[in-house]
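Visitor: Okay, sequence plus prediction incoming.
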There are 2 protein chains.
Amino acid sequence: MKMFSVGIDIGGTNTAIGIVDEAGNVVVKGGVDTPSHGDAERYVKEMGASVKDMAKKLKLTNPDSEIMGIGIGAPNGNYYSGTIEYAPNLSFKGIVDLVELMRAEFPEYKYVALTNDANAAAIGEMVYGGAKGMKNFVMYTLGTGVGSGVVVNGDLVYGHDGFAGECGHTTLIPGGRVCGCGAKGHLEAYCSAPGMKRTAFELLAYYNAGDSLLADKSFNELSSKMIYEAAVKGDKVALEVFEKTGQYLGQGLADTVHHLSPEAIFLFGGPTAAGDYIFKPLRESLEAHLLPIFKNKIKILPSELSAGDAAIVGASALVWKEQDK
Amino acid sequence: MKMFSVGIDIGGTNTAIGIVDEAGNVVVKGGVDTPSHGDAERYVKEMGASVKDMAKKLKLTNPDSEIMGIGIGAPNGNYYSGTIEYAPNLSFKGIVDLVELMRAEFPEYKYVALTNDANAAAIGEMVYGGAKGMKNFVMYTLGTGVGSGVVVNGDLVYGHDGFAGECGHTTLIPGGRVCGCGAKGHLEAYCSAPGMKRTAFELLAYYNAGDSLLADKSFNELSSKMIYEAAVKGDKVALEVFEKTGQYLGQGLADTVHHLSPEAIFLFGGPTAAGDYIFKPLRESLEAHLLPIFKNKIKILPSELSAGDAAIVGASALVWKEQDK
């Protein structure tokens, strides 16, 4: 009997679904639209139909397979209550008891668990990735926002109400840039992909840099990928964007180290593909902010999860963690 | 049979020792000088003699008593290794294996454990104080420095190498004041008692405030107690020191909330005696920095440990935590 788990990643427009083996390979892929109709029960029926269809496909190639459960990563997903709570980018109003709805749809599965997307990535890293065997580490996910998952003594930290690990909303610059959450100066406003764009625009303005490769793009056109491509060509503004983003991240990660004394911090997401452009200033800045007892001890590592499947794979890993309990 | 534990608080000049009952009352008090001779074995013999003397006194009033063990709070105390490592304010060089030395001195005691002073205070709060029954909380100790202890799922977080909970060294103001550790802008440089004095001197300079009640004190004379007394008399500079200290703390505590989602954060130490002078701006600043999901949820509470005995009592609580394992 080979064991599998279902990973579901709920995004603002798409819901990606995968059946994942114990090594973290996605063996069947599927998905549905994340609805704009706001009807959670209808959505669960749609997901249910998709998963059942995928399970049939799995049986074709793996007749002796068993699906142990479903793991779900969702914005504002609360592990304790199994609910999605007031997610700003989803159409559901208020609190949706997604785990209960899924359990009703799949009474035959042993485990149905939900957490937020960054926590799911952290569990994925622990179960399948570079954090295998680590008991104390932190995962930062850099994308449209900055998420994080905190692992202490081998367990994800959920805190008192299930929402621990929102390190993207620590204050980096007091009174600084307006964050998506409404507060000022949060790390996410500097170190997310849009944060890098904001840094680029600040630098273009500061240097009056009409000769930069970035100077012909509008605010809505410019992407972090373009900044990377300009940096590779030696564009000074683009290089300084990475320098600054690394410095910002180093400061923020130092705060995390002082809270938690992790063995490693993993970084996941687009900006980490820039390699030394971002990791070098990050490590220098981190060390400059650390207490002597932490200096030259903390590993800063790129995630080993493959970019395309990480969210599904991370969500599926929730099932194995439940099974270990 | 009544059970007791020994709490030892190692400070820069004095080592306070107490025998503590299960309710957190110090029933016998003692102490030795923290040595300047740097000889750890001699120091342990001195502590040993003091503890044995105190145990005899205990027997006089409690003939049916049993001492379960010794808990030690020390600067740079490492719970995992039982060592004090490179403590800047102690005369011992390098790493001192204090737990092993104490075990050799007291083979009859079941438990000998050591941690840093702020962690000991957190355990004290959990065992005897306002955090009884709480599973997720954080303790900040405000004094000459700013220490902290982090509790997740009912256990103190030590992290990968035993040094978690150094929240006093998170960055509050990038490139800001020089911290005692050498880095810049750390919370400790703003929210410790000396940090408050630094704020007072900045404000005196900013306002050219010759009419302030603080204007006749030298840098070495001014204490946080004097600032409090001036605030009570309505001194504008002194009031603004508390306002700013509360704002700084609120920013720092928000970072802690975003990492850990605690039920409460406890504050211990001299500055907290100022009550609303500091708690009011602190709570306002905290809320302004928080994600909506955390707003109006996090309790900010003064420690319930009595100021005089807290360090001893906190250290003694280590023994009961060991016993629970």
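Guide: Perfect, I can see it now.

Visitor: A:K110 is in contact with A:M68, isn't it?
Guide: Yes. Between A:K110 and A:M68 there is a contact at 5.7 Å, judged by Cβ atoms under 8 Å. (C-beta placed from N, C-alpha, C; glycine too.)

Visitor: Please identify every residue contacting each of those two.
Guide: A:Q323 (Cβ atoms under 8 Å, 6 or more residues apart in numbering or on different chains).

Visitor: between the two, who's got more neighbours?
Guide: Neighbours per residue (other Cβ atoms under 10 Å in any protein chain shown) separate A:K110 from A:M68, with A:M68 holding more: 18 against 13.

Visitor: Tell me the helices and strands packed up against whichever strand or helix holds that one.
Guide: Assigned by DSSP states H and E, A:M68 belongs to strand A:65-73. Judged by 3 or more Cβ pairs under 8 Å, 6 or more residues apart in numbering or on different chains; DSSP states H and E, strand A:65-73 is in contact with strand A:2-10, helix A:40-61, helix A:98-105, strand A:111-115, helix A:117-128, helix A:310-324.

Visitor: could you check the angle helix A:117-128 makes with the last one?
Guide: Going back to what we said before, that points to helix A:310-324. Helix A:310-324 and helix A:117-128 are oriented at 70 degrees to each other (axes from the mean of the first three to the mean of the last three Cα atoms, to 10 degrees).

Visitor: Please apply the same query to the second one.
Guide: If you take the same axes, to 10 degrees, helix A:40-61 sits at 20 degrees to helix A:117-128.

Visitor: Nearest spatial neighbour of the residue of the stretch 201-325 of chain A found nearest chain B, chain-adjacent residues omitted?
Guide: Here the stretch 201-325 of chain A gets closest to chain B at one residue, A:S261, 2.6 Å apart by Cβ to the nearest Cβ. Distances taken as Cβ to Cβ, 6 or more residues apart in numbering or on different chains place B:G159 nearest to A:S261, at 2.6 Å, with adjacent residues excluded.

Visitor: mind checking pLDDT for that neighbour?
Guide: Listed pLDDT for B:G159 reads 96.

Visitor: can I assume it is in contact with A:N136?
Guide: Yes. If you go by Cβ under 8 Å, B:G159 and A:N136 touch, sitting 5.2 Å apart.

Visitor: Give me the more crowded residue out of those two.
Guide: The neighbour comparison of B:G159 against A:N136 (other Cβ under 10 Å) goes to B:G159, with 24 against 21.

Visitor: quick one: contacts for that one?
Guide: A:136, A:152, A:260-262, B:165.

Visitor: most neighbours, which of these?
Guide: A:L260 (30 neighbours).

Visitor: Let me see the contact set for that one.
Guide: Listed by Cβ under 8 Å, 6+ apart, the contact set of A:L260 reads A:136, A:138, A:150, A:152, B:150, B:157, B:159, B:164, B:259.

Visitor: Ramachandran angles for it?
Guide: Per-residue torsions, A:L260: phi -120, psi -10 (degrees, to the nearest 10).

Visitor: Can you tell me how far it is from A:K52?
Guide: Per Cβ to Cβ, to the nearest Å, A:L260 is found 41 Å from A:K52.

Visitor: again, but for A:N153
Guide: Distance from A:N153 to A:K52, by Cβ to Cβ: 37 Å.

Visitor: tell me the strands in chain A, going along the chain?
Guide: A:2-10, A:14-21, A:26-33, A:65-73, A:77-78, A:83-85, A:95-96, A:111-115, A:137-142, A:146-152, A:155-156, A:264-268, A:299-302 (DSSP state E).

Visitor: Out of those strands, which gets nearest to B:V99?
Guide: Checking the strands of chain A against B:V99 by Cβ to Cβ gives strand A:146-152 as the closest, at 22.8 Å.

Visitor: partner strands of the closest one, parallel or antiparallel?
Guide: strand A:137-142 (antiparallel), strand A:155-156 (antiparallel) (DSSP bridges).

Visitor: most neighbours per residue, which of those strands?
Guide: strand A:137-142 (a mean of 28; mean count of other Cβ atoms under 10 Å in any protein chain shown).

Visitor: so how far is it from its chain's centroid?
Guide: Computed by Cα atoms, centre = their mean, to the nearest Å, the chain-centroid distance of strand A:137-142 equals 7 Å.

Visitor: Residues contacting that strand, please?
Guide: A:117-118, A:121-122, A:125-126, A:131, A:146-151, A:165, A:167-168, A:191-193, A:249, A:253, A:256, A:260, A:262-272, A:303.

Visitor: so for that strand, what's the average pLDDT?
Guide: Mean predicted lDDT for strand A:137-142 stands at 96.

Visitor: What of stretch A:94-108?
Guide: 94.

Visitor: Find the one among the helices and strands packed on strand A:65-73 with the highest mean neighbour count.
Guide: helix A:117-128 (a mean of 29).

Visitor: I'd like to know which elements that one is packed against.
Guide: When contacts are defined as 3+ Cβ pairs under 8 Å, 6+ apart, helix A:117-128 packs onto strand A:2-10, strand A:65-73, strand A:137-142, strand A:146-152, strand A:155-156, strand A:264-268, helix A:310-324.

Visitor: how about 7 Å then?
Guide: Counting contacts by 3 or more Cβ pairs under 7 Å, 6 or more residues apart in numbering or on different chains; DSSP states H and E, helix A:117-128 is packed against strand A:65-73, strand A:137-142, strand A:146-152, strand A:155-156, helix A:310-324.
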